[in-house]
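Peer 1: quick one, what's the 3D model for this:
(2 chains)
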Amino acid sequence: MDTVFQVFNENLYLIYLLLFTVVLGFEVISKVPTVLHTPLMSGANAISGVVIIGAILLIRQAQPDDYMTLVLGAIAVVLGMINVIGGFAVTDRMLEMFKKKTKK
Amino acid sequence: MIATSLINLSYLIGALAFVWGLRLLSSPDSARRGNTLAAIGMAIAIIATMVQPMAGASNNYGWIMGGMLVGGVVGMASAKKIQMTDMPQMVSIFNGLGGACATVLAMVELMHFYNGTQALGSGQLVIVLLALLIGAISFTGSLLAFAKLQGLVWDNSLTLPKHNLINNVMFIGLIGLTVYLFIQGFSAGVGLAIGVLVLALIYGFSFVIPIGGADMPVVISLLNSFTGLSAAAAGLIYNNQIMLVGGILVGASGTILTVLMCQAMNRSLWSVLLGGFGGGAAAKGQESGDQVAKTVTLNDAAIQLFYSNSVMFVPGYGLAVAQAQKALKELDDLLEANGVDVTYAIHPVAGRMPGHMNVLLAEADVPYPKLKDLDDVNAALPSTDIVVVVGANDVVNPAAKDDPGSPIYGMPVLNVWEAKHVIVLKRSMSPGYAGIQNQLFFHDKTKMLFGDAKDSLQKIVSEVKTL
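Peer 2: Residues are numbered from 1 along each chain as shown, chains lettered A, B, ... in the order given. Sure thing, here's the model as predicted:
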């Protein structure tokens, strides 16, 4: 039990950050009209591509002759980049359609 | 010191851009700016990660740039090439790749841990295992969701007998094995870790197998939130705040979206995951075997539409498949020119994803105010002259209102039978995506017009032009 308390006390800021972000995520989304659900899901999906940052950090820290890490890291960068670029581009294409049309 | 502060400031700005971007995405007027803002935030974060000072790091920029180039080109090309109708699949596959990225990262950490080049505390080990599991499930689950929506795999072809039981056993096994791996720590070895990975990948497939039909968007949304969580777990591994914030934001928003979608269909998440659709539906179809649906000729349909006061279109997935949105808009323009009041009825789950129809109709330049939502439509229906159902089925099925035995009983539907006349454009009498026969087709007020939606609409357009 002591370890649990210790983890809790040591990571208090992290726990605050987690909880506030969860509340923020709920609040921001719950006001979205149905018509925007698909673009929103797509936009959120692009944001989840933020995992690419981990892949960049991994490669930067790797030894230049550690080919296993470099190759796997590069694969991770490719996957993450497809998610990021494709995600934002697809969302933009969808939202292009929502441009205000001049009324007759 | 200044450099570090600048980097941290960049991450902070990036995280704020994510939050504010999502907020702007929630209104049609600002949505596009919101997406751009989030993309800028991502760019700032990536650049900051590239230039962040790291003591003794060998950087290997060539590997990073190469990967970014390949991924960027592939991502851009597929995003540009994809048809609007295939959008849900695309989102699904992008999402799966994000999950795969997190899984690869977690696997590399585990390999370093087991070959002794890196120590992991027990807290870190838990996080790495979480990123591995969630990312892997999201990866294969999204791939199967893609294959199903793309029509590469038929919904029920892979379901085993007692599939849900198998899934549950596999899930418990997966958790058990992961806990064992954790307890064993270093002595477990990399082989067992690979075993966990493989089992998680299989579970991702298996968990999406029984889910089909109208429930697919719900699953994609759920898997989207999984990818967010795996990104957040990876953020904890690298102690990177923006990964954590971005991942958790997506995890939370994906969860809420999933719940909202379930509400629109009046189904619980639980019944979606158990794959409740189908089943008793087959028996229902038999009963209507001896009933005859009335048909209408193109000429009659054109005349009826042209001389009515109000027409309401109900677009469904059939419209999307037939790429008929432009033909529909052409008919709309012709009718408007004759003083007919034309509106579009958008069911919350019309198409394959909430909002899917809006995107398609916007592509055909249908003005936004003409699209009416469920409540407005049902209020306006009794005073509407003609309803034209274009490739929609389950969302106009009266069984949802009056047949407690129907699998879609309780789902809010468009009460089109309350209008004065109904014309249904449909390829054949086959049941809808949920596999249920539709009594609307045999209703007194209903007339059928068989054929490809685009083809039929174009023919009606030319008939109207001759009037």
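Peer 1: and the residue in the stretch 201-350 of chain B positioned nearest to chain A, how many residues sit next to it?
Peer 2: Closest contact between the stretch 201-350 of chain B and chain A, by Cβ to the nearest Cβ, is at residue B:252 (2.7 Å). Using the backbone N, CA and C atoms, a C-beta is placed for each residue, glycine as well. Number of residues near residue B:252 (other Cβ atoms under 10 Å in any protein chain shown) recorded here: 25.
Peer 1: now do the one 10 residues further on
Peer 2: Burial of residue B:262, expressed as a neighbour count using other Cβ under 10 Å, amounts to 19.
Peer 1: same deal with residue B:62?
Peer 2: Look at residue B:62: counted by other Cβ under 10 Å, it has 12 neighbours.
Peer 1: any idea how far it is from residue B:262?
Peer 2: As judged by Cβ to Cβ, to the nearest Å, residue B:62 and residue B:262 stand 47 Å apart.
Peer 1: what does the lengthiest helix in chain A rub up against?
Peer 2: As assigned by DSSP state H, the longest helix anywhere in chain A is helix A:12-29. Contact with helix A:12-29 is made by A:8, A:40, B:19, B:22-23, B:26, B:241, B:244-245, B:248-253, B:255-257, as judged by Cβ atoms under 8 Å, 6 or more residues apart in numbering or on different chains.
Peer 1: for ChimeraX, what selects the buried ones among those?
Peer 2: Buried residues among the contacts of helix A:12-29 (16 or more other Cβ atoms under 10 Å in any protein chain shown), as a ChimeraX selection:
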select /A:40 /B:19,22,23,26,241,244,245,248,249,250,251,252,253,255,256,257
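Peer 1: of the contacts of helix A:12-29, which belong to strands?
Peer 2: Judged by DSSP state E, the contacts of helix A:12-29 include no members of strands.
Peer 1: coming back round to it: what is the burial count for the residue nearest to the residue of the stretch 201-350 of chain B closest to chain A when sequence neighbours are not counted?
Peer 2: Nearest in space to residue B:252, with sequence neighbours left out and distances taken as Cβ to Cβ, 6 or more residues apart in numbering or on different chains, is residue A:25 at 2.7 Å. Residue A:25 is flanked by 26 other residues according to other Cβ under 10 Å.
Peer 1: what's the spacing between residue A:25 and residue B:254?
Peer 2: Separation of residue A:25 from residue B:254 (Cβ to Cβ): 9 Å.
Peer 1: surely residue B:347 meets residue B:374?
Peer 2: Yes - the criterion here is Cβ atoms under 8 Å, and residue B:347 meets it with residue B:374 at 6.2 Å.
Peer 1: between those two, which contacts overlap?
Peer 2: In contact with both residue B:347 and residue B:374: residue B:414, using Cβ under 8 Å, 6+ apart.
Peer 1: who's more crowded, the two?
Peer 2: Per other Cβ under 10 Å, whichever of residue B:347 and residue B:374 has more neighbours is residue B:347, with 25 against 20.
Peer 1: next, that one: phi, psi?
Peer 2: Taking degrees, to the nearest 10, you get phi -80, psi 140 for the backbone angles of residue B:347.
Peer 1: over to residue B:389?
Peer 2: Dihedral angles for residue B:389 - degrees, to the nearest 10 - are phi -90, psi 120.
Peer 1: returning to what we had before: in the longest helix of chain A, which residues are buried?
Peer 2: For helix A:12-29, by 16+ other Cβ under 10 Å, it's A:18, A:21-22, A:24-25, A:28-29.
Peer 1: ok, so of those, who is nearest chain B?
Peer 2: Of all the buried residues of helix A:12-29, residue A:25 has the smallest distance to chain B: 2.7 Å, by Cβ to the nearest Cβ.
Peer 1: domain map for chain A?
Peer 2: A:1-31, A:34-97 (automatic domain parsing).
Peer 1: would you turn those domains into JSON lines with mean pLDDT?
Peer 2: As requested, the domains of chain A are arranged in JSON lines below (pLDDT from 0 to 100):
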{"stretch": "domain A:1-31", "mean pLDDT": "84"}
{"stretch": "domain A:34-97", "mean pLDDT": "92"}
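Peer 1: out of those domains, deepest packed?
Peer 2: domain A:34-97 (a mean of 25; mean count of other Cβ atoms under 10 Å in any protein chain shown).
Peer 1: and it, how far from the chain's centre?
Peer 2: 8 Å (Cα atoms, centre = their mean, to the nearest Å).
Peer 1: the spatially most central residue of chain A and chain B: what is the separation?
Peer 2: Taking Cα atoms, centre = their mean, the centroid of chain A lies closest to residue A:48, which sits 2.1 Å from it. Distance of residue A:48 to chain B, computed by Cβ to the nearest Cβ, to the nearest Å: 4 Å.
Peer 1: ignoring the adjacent residues along the chain, who's closest to residue 52?
Peer 2: In the absence of a named chain, chain A is used. Leaving aside its sequence neighbours, residue A:52 sits nearest to residue A:80 (Cβ to Cβ, 6+ apart; 2.9 Å).
Peer 1: correction: the question concerned chain B.
Peer 2: residue B:7 (4.8 Å).
Peer 1: residue B:249 is in contact with residue B:18, isn't it?
Peer 2: Yes - with contact defined as Cβ under 8 Å, residue B:249 reaches residue B:18; the gap is 5.9 Å.
Peer 1: can you list residues touching both of the two?
Peer 2: By Cβ under 8 Å, 6+ apart, residue B:249 and residue B:18 have these common neighbours: residue A:47.
Peer 1: just give me the neighbour total for residue B:271.
Peer 2: Residue B:271 has 14 neighbours, counted by other Cβ under 10 Å.
Peer 1: if you count neighbours, what's buried in the host helix or strand of it?
Peer 2: Assessed by DSSP states H and E, residue B:271 sits inside helix B:269-273. Across helix B:269-273, burial judged by 16+ other Cβ under 10 Å covers B:269, B:272-273.
Peer 1: tell me which other helices or strands it touches.
Peer 2: Applying 3 or more Cβ pairs under 8 Å, 6 or more residues apart in numbering or on different chains; DSSP states H and E, one finds that helix B:269-273 contacts helix B:216-237, helix B:241-265.
Peer 1: pull the distance from it to the chain's centre.
Peer 2: That offset, for helix B:269-273, works out to 15 Å (Cα atoms, centre = their mean).
Peer 1: doesn't residue B:24 make contact with residue B:33?
Peer 2: Yes - Residue B:33 lies in contact with residue B:24 (Cβ under 8 Å); the separation is 5.4 Å.
Peer 1: so what's the closest residue in space to residue B:362 that isn't next to it in sequence up against?
Peer 2: Nearest non-adjacent residue to residue B:362, counting by Cβ to Cβ, 6+ apart: residue A:97, 3.4 Å away. Residues in contact with residue A:97, defined by Cβ under 8 Å, 6+ apart, are B:359, B:362-363.
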